[in-house]
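J.: Show me how the following folds:
(one chain, ligands or ions: 2)
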Amino acid sequence: MKKPILIIVFLTLWIGFSTARELRSPDGNLFLKFTVESDGTPIYSLKYKDMTVIAPSSMGFELAKTEAGLSSLHNGFSIVSHSIGSFDETWEPVWGEEKQIRNRYNEMTVTLRQEETGRIMDIKFRLFDDGLGFRYEFPEQPGLVYFVIGEELTRFAMAGDHTAFWIPGDYDTQEYDYTTSRLSEIRHLSEAEITKQPHASQTPFSPTGVQTALQMKTEDGLYINIHEAALVNYSCMYLDLDDENFVFTSHLVPDAQGYKGYMQTPCTTPWRTVIVSDDARDILASRLTLNLNEPCKLEDTSWIRPIKYMGVWWEMITGMSTWSYTDDFLSVQLGHTDYLSARPNGRHGANTDNVIKYIDFAADNGFDAVLVEGWNIGWEDWSGHSKDYVFDFITPYPDFDLELIRDYAASKGIEMMMHHETSSSVRNYERHLDKAYRFMADNGYRSVKSGYVGDIIPRGEHHYGQWMVNHYLHAVEKAAGYKIMVNAHEAVRPTGLCRTYPNLIGNESARGTEFQAFGGNKPNHTTVLPFTRLIGGPMDYTPGIFEMDISRYNPDNHSRSNTTIANQLSLYVTMYSPLQMAADIPETYARFPDAFRFIRDVAVDWEESRYIEAEPGQYVTIARKEKDGERWFAGSTNGAEGRTSVMPLDYLEPGITYLATVYSDTPESDYRTNPQAYIIKEYIVNEKSVLEQYCAPGGGYAVSIIPYNGNTKGYKKLK
Ligand code: NOJ
Ligand code: CA
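T.: Ligands and ions are numbered 1, 2, ... in the order given. Here you go, the predicted structure:
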């Protein structure tokens with residue numbers, strides 16, 4: 001990691017009485033006020049250009065398992081002191097949406113003492129131009145060493161019945177479609193959403209509970225986003241809404257005994273974040289979540305790099321082939337099962353010939369890697385049985401010739417991507433983790449897709465509680481020791497930890513493309529995700545579906561992918577990820593070689609990004625310049641209504657001529673009736689050009705813009 005380019009820090013210490021403390025953002029637009037009420041309850045509020053973002057809201061904790069009378073940490077406080085300061089640095093991520101990130105904020109730390117108990121609690125506020133981060137800090141102290149959280153009581157009081165883009169408060173899945181509604185409508189809409197969700201492990205905690213990142217829009221056109229940053233050794237935060245007063249209260253995921261977090265001073269909570277702007281594009285451009293995380297902890301990051309990959313995957317998701325080698329429940333006891341004498345079902349996807357086909361196609365088209373799921377024994381009884389000793393992560397099925405595939409892939413310049421489905425038997429995964437990573441290192445695997453489908457073992461733990469949060473990070477830290485990159489599916493939604501551990505190259509942690517084969521995603525889904533799930537970090541969304549009729553893969557599956565082909569192409573730009581998959585099967589891409597060219601060409605690491613148009617739930621248009629190159633790629637992802645996107649190309653280098661190739665919908669395209677209609681046009685453009693492009697319902701467009709020295713005759717010009 002490069003050293004910060006500029007750091008300015010100055011601190012002033014004030015010893016004062018219990019009066020209001022105030023802080024402004026560097027640009028002066030955000031204004032934070034902190035005070036304690038007459039009963040000693042800490043209160044904060046936040047304004048943006050004189051508009052209320054957070055009305056006065058209380059802070060603190062309910063403690064569990066403490067002596068009688070000492071259970072609360074939410075009142076009885078007085079301010080002991082406060083300090084303020086500023087910080088300004090520019091740092092370089094190992095990979096990202098831009099090469100350099102500015103981290104500039106004003107900070108205020110308020111030290112509180114609970115008079116009755118003498119316990120000290122600090123609250124640290126950081127005000128950036130794009131929002132607020134704050135966290136609780138507990139210094140080492142004799143009166144507070146070990147404590148157990150009963151509930152965190154951080155409130156976020158909204159100033160009205162805002163429009164929200166939300167998913168229900170489920171402790172074990174995040175894979176919901178987003179609902180757009182007023183806050184007051186969440187209660188009656190939530191149950192219907194939960195009923196539609198196929199996962200068996202759903203455990204919503206309240207009819208008004210929602211997950212973060214929560215995107216909202218006020219009547220005045222203010223965009224407010226609440227999430228958290230640096231979730232480490234703590235339970236994930238949900239929000240529970242008092243829908244008469246529009247006040248959210250934090251709600252942490254409990255452990256198997258109902259407790260919310262085990263703490264030992266000195267310690268801190270994750271940051272609670274409020275990103276805010278009157279321009280939706282600023283929410284997408286915000287780096288606040290990353291900036292609130294610690295700098296990179298890995299000394300050598302030279303082995304970490306973005307990956308474009310294909311996978312023996314979609315055919316299993318659609319039901320065209322299977323992960324398991326047989327159709328029998330074998331009651332597998334690993335080490336004792338003789339798969340050689342088992343009855344193969346003839347539909348096993350991860351067979352050597354099929355894998356070779358993917359490797360050839362990937363190599364011919366310039367991909368970096370091929371993922372293979374279902375290569376290892378145990379899939380016969382992987383899901384829904386709460387089986388402890390389910391996979392060993394090292395024993396291939398008999399028809400997967402690991403050595404042959406390894407050597408063949410290497411000869412073609414393709415890396416194999418490992419797959420570790422844990423079946424949520426986390427105890428079993430940790431039991432095998434070292435051996436599994438060693439096996440990867442020995443066989444040339446440098447990245448792993450892991451997964452956590454089903455109920456967690458240890459039983460009673462939830463996917464997003466402190467215990468699992470610690471597991472996910474443990475797996476990432478241990479992987480770094482083996483120079484392995486991790487892409488964890490079903491893991492807790494990210495909170496910017498990829499800054500600290502850039503080998504955390506991806507997460508799913510939301511409803512991905514797979515649901516297009518499980519009943520479909522809403523056509524506007526990918527216009528919401530950049531405002532919600534992506535606030536915490538990149539998503540392995542796995543775009544690139546060209547055949548929308550899933551019954552073409554499996555006659556029994558009548559699901560449809562609710563997008564057009566041009567929309568799928570746009571996602572390679574709008575859904576930022578250093579890990580991009582071409583998710584469909586080679587045979588389908590062979591039917592559309594000209595559209596596939598965009599997937600071949602598009603970059604996966606960026607020098608800079610421009611947010612051109614954005615409205616959550618409606619459209620997102622982004623242009624990005626590749627890192628260490630001159631090519632630009634743009635994408636516009638459209639929601640359910642047709643519209644015309646306008647993109648000035650003023651980000652291009654003046655004086656240079658470029659060739660723009662536009663992959664767009666046709667006037668007849670529609671995700672419902674004509675999803676595969678697309679048209680490709682080429683234009684000569686420069687920094688004065690403006691692209692006006694029709695986007696169909698569920699559609700969009702993608703553009704590659706490449707410096708051009710050739711003959712411009714015969715090309716149309718834009719304007
Ligand atoms: C769910 C993941 O999201 C999906 O990508 C994977 O194929 C299955 N689990 C099996 O591990
Ligand atoms: Ca999933």
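J.: Not counting its neighbours along the chain, what's nearest S86?
T.: Leaving aside its chain neighbours, S86 sits nearest to N106 (5.1 Å; criterion: C-beta to C-beta, 6 or more residues apart in numbering). C-beta here means a position set from N, CA and C on the backbone, and glycine is covered the same way.
J.: what separates the one you found from ligand 1, distance-wise?
T.: 41 Å (C-beta to the nearest ligand atom, to the nearest Å).
J.: Pull the contacting residues for that residue.
T.: By C-beta atoms under 8 Å, 6 or more residues apart in numbering, the contact list for N106 reads L23, R24, S25, P26, I84, G85, S86, F87, R126, L127.
J.: One more: V492?
T.: So V492 contacts L231, C236, H463, Y464, M468, V469, Y472, S509 (C-beta under 8 Å, 6+ apart).
J.: are any of those buried, and which?
T.: With burial judged by 16 or more other C-beta atoms under 10 Å, the buried subset of the contacts of V492 is L231, C236, H463, Y464, M468, V469, Y472, S509.
J.: closest to ligand 1 among the residues you listed?
T.: S509 (9.6 Å; C-beta to the nearest ligand atom).
J.: What separation do you get for the closest one and F596?
T.: Look at S509 and F596: by C-beta to C-beta, to the nearest Å, they are 28 Å apart.
J.: Kindly report the same for Y658.
T.: 22 Å.
J.: Spell out the residue ranges of the helices in the chain.
T.: 186-196, 280-285, 288-291, 314-317, 352-364, 402-411, 426-442, 466-481, 525-528, 565-574, 586-591, 593-601 (DSSP state H).
J.: ranking those helices by mean pLDDT, which is last?
T.: Comparing mean pLDDT across the helices of the chain, the lowest value falls on helix 186-196: a mean of 87.
J.: With just CA atoms, put it into PDB.
T.: C-alpha atoms of helix 186-196 as PDB (Å, rounded to 0.1, in the frame of the first residue of the first chain):
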ATOM      1  CA  ILE A 186     -43.500  -1.000   5.600                       C
ATOM      2  CA  ARG A 187     -45.600  -2.700   8.200                       C
ATOM      3  CA  HIS A 188     -48.300  -3.900   5.900                       C
ATOM      4  CA  LEU A 189     -46.000  -4.700   2.900                       C
ATOM      5  CA  SER A 190     -43.300  -6.500   4.900                       C
ATOM      6  CA  GLU A 191     -45.200  -9.800   5.500                       C
ATOM      7  CA  ALA A 192     -46.000 -10.300   1.900                       C
ATOM      8  CA  GLU A 193     -42.300  -9.900   1.000                       C
ATOM      9  CA  ILE A 194     -41.200 -12.400   3.600                       C
ATOM     10  CA  THR A 195     -43.800 -14.900   2.400                       C
ATOM     11  CA  LYS A 196     -42.400 -14.700  -1.100                       C
END
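J.: Go ahead and name everything in contact with that helix.
T.: Contact with helix 186-196 is made by 164, 166-168, 170, 176-177, 179, 181, 202, 204, 207-210, 241, 243, as judged by C-beta under 8 Å, 6+ apart.
J.: one more time with 7 Å
T.: Helix 186-196 is contacted from outside by 164, 166, 168, 170, 176, 179, 181, 202, 204, 207-208, 210, 241, 243, using C-beta atoms under 7 Å, 6 or more residues apart in numbering.
J.: Buried residues of that helix, list them for me.
T.: Across helix 186-196, burial judged by 16+ other C-beta under 10 Å covers I186, L189, S190, E193, I194.
J.: likewise stretch 479-487?
T.: The neighbour-count check on stretch 479-487 (16+ other C-beta under 10 Å) flags A479, A480, Y482, K483, I484, M485, V486, N487 as buried.
J.: Likewise for stretch 711-719?
T.: By 16+ other C-beta under 10 Å, the buried positions in stretch 711-719 come out as Y715, L718.
J.: what does stretch 355-375 give?
T.: By neighbour count with 16+ other C-beta under 10 Å, stretch 355-375 contains the buried residues 355-356, 358-359, 361-363, 365, 367-375.
J.: What of stretch 412-420?
T.: By neighbour count on 16+ other C-beta under 10 Å, the buried set for stretch 412-420 is I414, E415, M416, M417, M418, H419, H420.
J.: From these, pick the one nearest ligand 1.
T.: H419 (6.8 Å).
J.: show me the contacts for the spatially closest residue to that closest one that is not a sequence neighbour.
T.: Distances taken as C-beta to C-beta, 6+ apart put E373 closest to H419, at 4.6 Å, once the chain neighbours are dropped. Residues in contact with E373 (C-beta under 7 Å, 6+ apart) are G311, V312, W313, M316, W323, A350, H419.
J.: Now with 10 Å, please.
T.: Contacts for E373 were tallied using C-beta atoms under 10 Å, 6 or more residues apart in numbering; they are 311-313, 315-317, 323, 349-350, 379, 417-421, 449, 451.
J.: got any ranges where the stretch 101-250 of the chain has weak pLDDT?
T.: Under the criterion pLDDT under 70, the flagged ranges of the stretch 101-250 of the chain are 198-203.
J.: Near the residue in it positioned nearest to ligand 1, how many other residues are there?
T.: Ligand 1 sits closest to E175 of the stretch 101-250 of the chain, with a gap of 7.9 Å, by C-beta to the nearest ligand atom. Using other C-beta atoms under 10 Å, E175 has 21 neighbouring residues.
J.: Over to D628?
T.: Using other C-beta under 10 Å, D628 has 9 other residues around it.
J.: Next, find the distance separating the nearest residue to it once chain neighbours are set aside from ligand 1.
T.: Computed as C-beta to C-beta, 6+ apart, the closest residue to D628 that is not its neighbour in sequence is E607, at 7.0 Å. Per C-beta to the nearest ligand atom, E607 is found 30 Å from ligand 1.
J.: Who are the contact partners of E607?
T.: Counting by C-beta under 10 Å, 6+ apart, E607 makes contact with 96-100, 624-632.
J.: go on, D129?
T.: Applying C-beta under 10 Å, 6+ apart, the residues contacting D129 are 25-30, 102, 104-106, 277, 282, 286, 288.
J.: mind putting these in JSON lines, distance to F531 included?
T.: Formatted as JSON lines, those follow (distance: C-beta to C-beta, whole Å):
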{"residue": "S25", "distance to F531": "21"}
{"residue": "P26", "distance to F531": "24"}
{"residue": "D27", "distance to F531": "22"}
{"residue": "G28", "distance to F531": "25"}
{"residue": "N29", "distance to F531": "20"}
{"residue": "L30", "distance to F531": "19"}
{"residue": "R102", "distance to F531": "21"}
{"residue": "R104", "distance to F531": "23"}
{"residue": "Y105", "distance to F531": "22"}
{"residue": "N106", "distance to F531": "25"}
{"residue": "S277", "distance to F531": "11"}
{"residue": "D282", "distance to F531": "11"}
{"residue": "S286", "distance to F531": "10"}
{"residue": "L288", "distance to F531": "14"}
